[in-house]
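Student: Below are the sequence and a predicted model for it; my questions follow.
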Amino acid sequence: MRPILEGEVFAIAFTCIVFYAMQRLQKRTNLLILNPILTSIVIIVTFLSLLRIDIAGYQEHTQIITFFLKPAVVALGVPLYLQLEKIKKLAQAGNESKCFFVYALHPFMNSPFNFNNY
């Protein structure tokens, strides 16, 4: 069973299944704190640690996912760049109020975060 757990197909399938499950969980609960990326990382690292699977091997097997995610991350920078002036104003307001936390800059800081008001 050990060779199956350390194979490329298992690594890719496990990663995708965990991420999909965490997406479903977040949509069902409407809690933004259950970010699928963060919860997936915690689950995958815990799983690899408990079964003593080599993280370097896992990373090598999931290079295809990394290959496709890099352009997506760069593409996320474009909307941020387009909103740069608004972000600067919010950051300046946070600095002036001596509140350096990101949540203070969020327009919905006085109400709970969920998909209904985000």
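Tutor: Arrived safely, thanks for sending.

Student: ok now do Phe14, which residues does it touch?
Tutor: Contacts for Phe14 (C-beta atoms under 8 Å, 6 or more residues apart in numbering) come out as Ile44, Phe47. The way it works is simple: take the backbone N, C-alpha and C, and place the C-beta from them, glycine included.

Student: so how far is Pro36 from it?
Tutor: Remark: distance between Phe14 and Pro36 (C-beta to C-beta, to the nearest Å) = 15 Å.

Student: does the residue nearest in space to the middle of the chain sit in a helix, a strand or a coil?
Tutor: Centre of the chain computed as the mean C-alpha position; nearest residue by C-alpha atoms, centre = their mean is Ile37, 2.7 Å away. Under DSSP: H, G, I helix; E, B strand; the rest coil, Ile37 falls in the helix class.

Student: could you point out the longest helix in this structure?
Tutor: Using DSSP state H to define each element, the chain has its longest helix at helix 8-29.

Student: quick one, what contacts the residue nearest to the centre of the chain?
Tutor: For Ile37, counting by C-beta under 8 Å, 6+ apart, the contacting residues are Phe19.

Student: Give me the below-cutoff pLDDT ranges for the chain.
Tutor: 1-2, 94, 97-118 (pLDDT under 70).

Student: Thr62 touches Ala11, doesn't it?
Tutor: Yes: between Thr62 and Ala11 there is a contact at 5.1 Å, judged by C-beta atoms under 8 Å.

Student: quick one, which of the two is more surrounded?
Tutor: A direct count of neighbours by other C-beta atoms under 10 Å for Thr62 and Ala11 places Ala11 higher, at 23 against 18.
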